[in-house]
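Provide a 3D model corresponding to the input given below.
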Amino acid sequence: MAELAPYPFERLVTRMFAELEQRRSIFDLPERKFVLDPGGRDWSVRFHGAQPSTPLGPAAGPQSQLAQNVVLSFLGGARIFELKTVQINDRLVIPRPCIDMRTVGYNVEWSQELTLEQSLEEYVKAAMLVEMLGASGKLALAPGFGRTVFDMSVGYDLAGIRSERVGAFMRGLLDSSATIDQLRRRIPAEHAALRDLDYPTKISGTLTLSTFHGCPPDEIERIASYLLEELGLDVVVKLNPTLLGKEETRRILNDALGYPDHVPDSAFDADARYDQAVGFVDRLDGLARRLGRSFGIKLTNTLVVENPGDFLPKSEKVRYLSGPPLHVLAMTLVGRFRETFGDRIPISFSAGIDRANFADAVSLGLVPVTVCSDLLRTGGYGRMQAYFEKLGERMDAVGARSVDEWIVLAQG
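Residues are numbered from 1 along each chain as shown. Here you go, the predicted structure:
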């Protein structure tokens, strides 16, 4: 059974505004860490036809599954929220500890800690809380800097995704009117005016597909086709770093970077090869265009490595590597896909993003640039402010006033 318990919506509303009034913080993030004004720059990007105000977002992970997680990401400057991946098996027993952030980042948890019904409500709550903050006038939010995209994430096989409960989850984000009506009535009396806000009922029309490790390439293609054709979603398919192949993956990880982690042969045996991925990416892009939908890829998922059992439970034979070494592997794949497709296939990115490399990732035209491991370190969502400080400094140094100008001037 899931161990995580969501906070009641009425308590979240009361605490959010009371804490801001009394302590100048929200959910323990001090106001001085809020990112509310781009300082005259245009950080907006295009994503599935929308125009969110920044390219930054939380990657699907433990830091994007509760309503307050999403609010904190918004306050830190994120505008594209990749919600934590859900699946039909929502009664997982997750070993503890499940995350190791002592060094680069490892985990053994890989799905939601809430039920599907709880997850749906959390994401609707999050969207409503963000809407409340924008409408309240209590934040010094720059005009036009509040545009957001909520991006749902599901996995891990076609049977589960086609199930009634996962289907209800996705339909519930495509049309959230019923959940919104229920939550309106729970807004406390002291904030009764917020009950009448015109909350958008379509929380999300986009989806990042997480097929996890070992999903056959034809299964990936069938799932993405189903999401595009049957549900009418704009789709991003998250791919694995094993696309680099055994020799190149181990050469980069072990020889070039010097990390001792061993990637077992089994991590490659069931995963798609690069040529197979190129094939289904090309076909899915064509399908999306014929349907008038949007399609892209995400680089990358975590990397399967052996678990020595020195911190994470010994019962888990493998663990999932993230952080700095994954950044190099994923950027290598960005280069390969750009060589193959040019800029025809949009690429979103998640691997070892931090304040030192965020601006460079944005300069490559990656949208969104998402982060997980760095937010799990000391400082949490307050670390995001430094991302924008660095991006602003880098843009100012070359005279770029928008992300498009930054891409041109930084990369030529």
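
list the buried residues in stretch 309-325.
By neighbour count on 16 or more other CB atoms under 10 Å, the buried set for stretch 309-325 is 312, 316, 318-325. Backbone N, C-alpha and C define where each C-beta goes, glycine included.

need the max-distance pair from the residues you listed.
Greatest spatial distance in the buried residues of stretch 309-325: Glu316 and Pro324, 22.1 Å, computed using CB to CB.

quick one: mean pLDDT for stretch 160-168?
For stretch 160-168, mean pLDDT rounds to 96.

which positions in it come out as buried?
160-161, 166-167.

which residues touch it?
86-89, 116, 120, 154-155, 223, 226-227 (CB atoms under 8 Å, 6 or more residues apart in numbering).

and it, how far apart are its ends?
Stretch 160-168 has an end-to-end distance of 12 Å (criterion: CA to CA, to the nearest Å).

and that stretch, how far out from the chain middle?
Taking CA atoms, centre = their mean, to the nearest Å, one finds stretch 160-168 lying 21 Å from the centre of the chain it belongs to.

ok, stretch 374-385 next?
15 Å.

can you list contacts of it?
Stretch 374-385 is contacted by residues 29-30, 33-35, 56, 58, 61-63, 72-73, 75-78, 99, 101, 105, 353-355, 371 when judged by CB under 8 Å, 6+ apart.

walking through the stretch 301-412 of the chain, point out its helices one by one.
Shown for the stretch 301-412 of the chain, the helices assigned by DSSP state H, counting those that start in this stretch span residues 324-341, 358-363, 384-398, 403-411.

so which of the ones you listed gets nearest Val45?
helix 403-411 (5.5 Å).

longest helix anywhere in this structure?
Residue-count comparison of every helix in the chain, with assignments taken from DSSP state H, identifies helix 116-136 as the longest.

which single one of the buried residues of stretch 160-168 is nearest to Leu4?
Of all the buried residues of stretch 160-168, the one sitting nearest Leu4 is Val166; the distance, using CB to CB, is 19.1 Å.

and that closest one, how far from Glu10?
Computed as CB to CB, to the nearest Å, the Val166 to Glu10 distance reads 28 Å.

for the residue positioned nearest the centre of the chain, phi and psi?
Geometric centre of the chain, nearest residue: Ala59, 2.5 Å, by CA atoms, centre = their mean. Comment: the main-chain dihedrals of Ala59 come out as phi -70, psi 160, following degrees, to the nearest 10.

roughly how far does Met118 sit from Val130?
In this structure residue 118 is Gln, not Met. Summarising the geometry, the distance separating Gln118 from Val130, computed by CB to CB, is 19 Å.

mark which of the contacts of stretch 160-168 are buried, thanks.
Buried members of the contacts of stretch 160-168, scored by 16+ other CB under 10 Å, are 86-88, 116, 120, 154-155, 223, 226-227.

dump the longest helix of the chain to PDB, keeping only the CA atoms.
What follows is helix 116-136, C-alpha atoms only, in PDB (Å, rounded to 0.1, in the frame of the first residue of the first chain):
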ATOM      1  CA  LEU A 116      -4.300   6.800  -9.500                       C
ATOM      2  CA  GLU A 117      -7.300   8.500  -8.000                       C
ATOM      3  CA  GLN A 118      -5.200  10.400  -5.500                       C
ATOM      4  CA  SER A 119      -2.700  11.300  -8.200                       C
ATOM      5  CA  LEU A 120      -5.400  12.800 -10.300                       C
ATOM      6  CA  GLU A 121      -6.700  14.900  -7.400                       C
ATOM      7  CA  GLU A 122      -3.200  16.100  -6.500                       C
ATOM      8  CA  TYR A 123      -2.600  17.400 -10.000                       C
ATOM      9  CA  VAL A 124      -5.900  19.200 -10.200                       C
ATOM     10  CA  LYS A 125      -5.300  20.600  -6.700                       C
ATOM     11  CA  ALA A 126      -1.900  21.800  -7.900                       C
ATOM     12  CA  ALA A 127      -3.300  23.500 -11.000                       C
ATOM     13  CA  MET A 128      -6.000  25.300  -8.800                       C
ATOM     14  CA  LEU A 129      -3.400  26.500  -6.300                       C
ATOM     15  CA  VAL A 130      -1.200  27.900  -9.000                       C
ATOM     16  CA  GLU A 131      -4.300  29.600 -10.500                       C
ATOM     17  CA  MET A 132      -5.200  31.000  -7.000                       C
ATOM     18  CA  LEU A 133      -1.700  32.500  -6.500                       C
ATOM     19  CA  GLY A 134      -1.800  34.200  -9.800                       C
ATOM     20  CA  ALA A 135      -5.300  35.700  -9.300                       C
ATOM     21  CA  SER A 136      -4.700  36.700  -5.700                       C
END
